[in-house]
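Asks: here is a sequence with its predicted model. Questions after.
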Amino acid sequence: MATTTATDLGFVRNIGICAHIDAGKTTVSERILYYTGKNYKMGEVHEGTATMDFLAEEQERGITIQSAATTCPWIYKGKDYKINLIDTPGHVDFTIEVERSLRVLDGAVAVFDGKEGVEAQSETVWRQADRYKVPRICFINKMDKIGASFDFSYGTIKARLGANGIAIQMPIGLGHDHKGIVDLMTMRAFVFEGDKGEVVKESAIPEELAESANKWRHLMVERIAELDDALMEKYLNEQPISEAELRAALRKGTIEQRCNPVMCGAALRNIGIQMLLDAVIEYLPSPTEKPDVEGTDPQDKEVRMTRPHDASAPFSGLVFKVVSDTHGDLTYIRIYSGTLTKGSRLLNPGNGKRENCSRIFEMHAQNRIPLESVGAGNIVAVVGIKDSYTGDTLCDQDQPIMLERMHFPEPVISMSIEPKTAEDKRKLSEALMVIRREDPSFRWTYNEETGETIISGMGELHLEIIANKLRRDMKIGVEVGKPKVSYREAITRKVEWVQGKFKKQTGGRGQFGDCVIHLEPYSKAQADENELDFDDSIAFENKVVGGSIPKEFIPSIEYGIRTTATTGVKFGYPLINIKATLVDGSYHAVDSSQVAFEQAGRLALLEAVEKAGPVLLEPIMKVVVTVPNEYLGNVTADMSSRRGMIIDTDDRGLIKLVTCEVPLSEMFGYTTSLRGMSQGRASSTMEFLEYRQMPSGMMKELLEAQSGGKDKKK
């Protein structure tokens, strides 16, 4: 039976659970589902029964691969609230899942390992949340782990993230002795009893913890008072500050992203989750407490527009995820304004297509609850959308708006993939299009020259999961080649007054286009400073004066330059970090056309790059290795042999954290090597950092090897 959602937006929270891999995000999510009554039994990651990890790959590997959404109720201070929850992956190869989730969420819970504190991927997730201005609560999990330290983990939040963390709880016991939490707001102790920690017992703070609790309480009051002038005055004058005043100031500071409440517990032992849910309601914003969503007029991108979080406003929503399904693709939408009704027609202002919303569902992992209509502030899945993808806006047909798009990382690794049979070949390209639609960080191309299909992604695990999906879910026989690095081209110097002239006479009307450009190395910072678009790391500026080229041909020149750059100029890899400035040219009153000027732009770029010192850039990865002291020498020596640069070594007692910057080409199979050199006791994480110029000797070797391969193929 279909229902209609009519919840007051003040009682809605759209939150995500995000963190470094193995910090316990999915376990936290499972406990939330149990305590809110959404699940009648707790799923466990280590048993492969977690509700939010429902893919076969997730259950086998014990990791989250794709973000899963659910909606659950929570009663706080006698009032019914609705929490839209998204559990995101922690592995860096699936960072796009975190990116698109944070883009549509109003708040997040950042989970940290109580022993490790802030880890490499924690920093990446934090930066992503900063980009989308998402208020956060910090939850230090695994207080029951041997070696756990609340003081240390709390310290890393400030030291590594630069965050203004304010502890509002402290643990009762650590490791095996961890059994509860001291609430610093009420100065009461809470322990969690019963088979599933469902019985929360309140008592006075144990005597042995009184001194420590008073110290943390004093620090909390001081830090909260700093957020509010009136409270600071009271604090300095040693006047009492009420619990209500502290909570109000902390809520305001959290929503304004000036601070982050820090909590603790142990999800696996069912400690602290109910209090975390209370804090989500207390300190994270409802949709109405976020600024009106901003966008632009689709007809004129210079015109800024806003939409209020109001069910009666014109409809606007953002597609943040597409999942292929045998019963019709599921398109996940965050509704920012207006009301979405089953059967309504919508506009995608990006491509001008009209879309039909045939069915609406409230999601609970892979299960669906049908809805008749849903208002602003909610997250739902829709069936019937055909031509809209991740990052696209859907809006009212008569009052269009274009919302800000998402940031998608560029792939850094590629491998060839070959179908086993003619039938597999027929199905492969269609399957790859489906995966690309689901995953914007995945790319694929067909190389006409070599006859190879090349798939590209964020890491070896990312591509391995995709290959398994083709074989297992899509029943396509494929063989994958060895991973290859996705290099980039760049230039090293500025060149001026380079001409591109396209002239063709074929009897009758000819083709004529002529342009002159300057080409120079350029960065995103320079583009932002000069307010230029830096799409695909290319900036274009028109400085033609006097009408030497008619205005209608300028976009064609830019298009010619951009498409040529993205397909590679000198070495066959995309050209990045350049600025092309159009300074002069000429045209023919009869023979000039958009196609001719597109070709002229292409020829000008080819000529300019040849003169501008073309080089290859290679992806550099940030690698963090956690290694016992006795194997540190092995790890650092091995890193040096891989052209790695050790940036920092952090001491964690008997463990060292080694942060390095290493070319991706040297890191294939590193996990296996690391296991061997440390008797399986070391671990590592790796994420893309930046592109850097390749040493000339290695660049020469690479190009010679590639040309040799092509000669053999021929």
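Replies: Noted; the coordinates are in hand. Numbers count the residues shown, from 1 in each chain.
Asks: any idea how far apart the tips of stretch 141-150 sit?
Replies: 9 Å (Cα to Cα, to the nearest Å).
Asks: what comes up buried for that stretch?
Replies: Across stretch 141-150, burial judged by 16 or more other Cβ atoms under 10 Å covers 141-145, 148-150. Using the backbone N, CA and C atoms, a C-beta is placed for each residue, glycine as well.
Asks: going along the chain, name the helices of the stretch 601-714 of the chain.
Replies: 632-641, 670-677, 696-713 (DSSP state H, counting those that start in this stretch).
Asks: can you tell me which of these comes nearest to residue 111?
Replies: helix 670-677 (23.5 Å; Cβ to Cβ).
Asks: give me the helices and strands touching that closest one, please.
Replies: If you count contacts as 3 or more Cβ pairs under 8 Å, 6 or more residues apart in numbering; DSSP states H and E, helix 670-677 packs onto helix 632-641, strand 683-693.
Asks: and that helix, how far out from the chain middle?
Replies: 28 Å (Cα atoms, centre = their mean, to the nearest Å).
Asks: list the contacts of it.
Replies: The contact list for helix 670-677 (Cβ atoms under 8 Å, 6 or more residues apart in numbering) reads 623, 625, 631, 634-635, 638, 642, 682-684, 686.
Asks: just among those residues, which is most surrounded?
Replies: Counting neighbours by other Cβ atoms under 10 Å, residue 625 leads the contacts of helix 670-677 with 27 neighbours.
Asks: low pLDDT regions in the chain?
Replies: Along the chain, the model assigns pLDDT under 70 to residues 1-7, 38-68, 89-95, 325-328, 365-366, 409, 447-450, 506-508, 707-714.
Asks: max-length strand in it?
Replies: strand 614-628 (DSSP state E).
Asks: can you list the strands that that one pairs with?
Replies: If you go by DSSP bridges, strand 614-628 pairs up with strand 488-491 (antiparallel), strand 655-663 (antiparallel), strand 683-693 (antiparallel).
Asks: now the residue minimising distance to the centre of the chain, nearest residue through space, not along the chain?
Replies: The chain has residue 99 as the residue nearest its centroid, 1.9 Å off, counting by Cα atoms, centre = their mean. Once flanking residues are discounted, residue 99 sits nearest to residue 128: 5.6 Å by Cβ to Cβ, 6 or more residues apart in numbering.
Asks: if I look at the one you found, how far off is residue 27?
Replies: Computed as Cβ to Cβ, to the nearest Å, the residue 128 to residue 27 distance reads 22 Å.
Asks: residue 433: neighbour count?
Replies: 12.
Asks: so for the helix or strand hosting it, what gets flagged as buried?
Replies: Per DSSP states H and E, residue 433 falls inside helix 422-438. Residues of helix 422-438 classed as buried: 424, 427-428, 431-432, 435-438 (neighbour count, 16+ other Cβ under 10 Å).
Asks: pull the distance from it to the chain's centre.
Replies: 25 Å.
Asks: residues touching that helix, excluding its own?
Replies: Residues contacting helix 422-438 (Cβ under 8 Å, 6+ apart): 321-324, 329, 389, 417, 419, 442-444, 446, 453, 455, 466, 469-470, 474, 476-478.
Asks: quick one, which of the residues you listed are buried?
Replies: 321-322, 329, 389, 417, 419, 442-444, 453, 455, 466, 469-470, 474, 476, 478.
Asks: check contacts around residue 266.
Replies: Contacts of residue 266 (Cβ under 8 Å, 6+ apart): 114, 141-145, 178, 272.
Asks: ok, it to residue 172 distance?
Replies: Distance, residue 266 to residue 172, using Cβ to Cβ: 11 Å.
Asks: likewise for residue 523?
Replies: Residue 523 is 51 Å from residue 172, by Cβ to Cβ.
Asks: who's more crowded, these two?
Replies: Set side by side, residue 523 and residue 172 show more neighbours around residue 172, with 22 against 13, by other Cβ under 10 Å.
Asks: in contact with the more buried one, which residues?
Replies: 178-182, 189, 191, 206, 209.
Asks: tell me what it is bridged to.
Replies: With DSSP bridges applied, the residues forming beta bridges to residue 172 are residue 180.
Asks: good, we can wrap up now.
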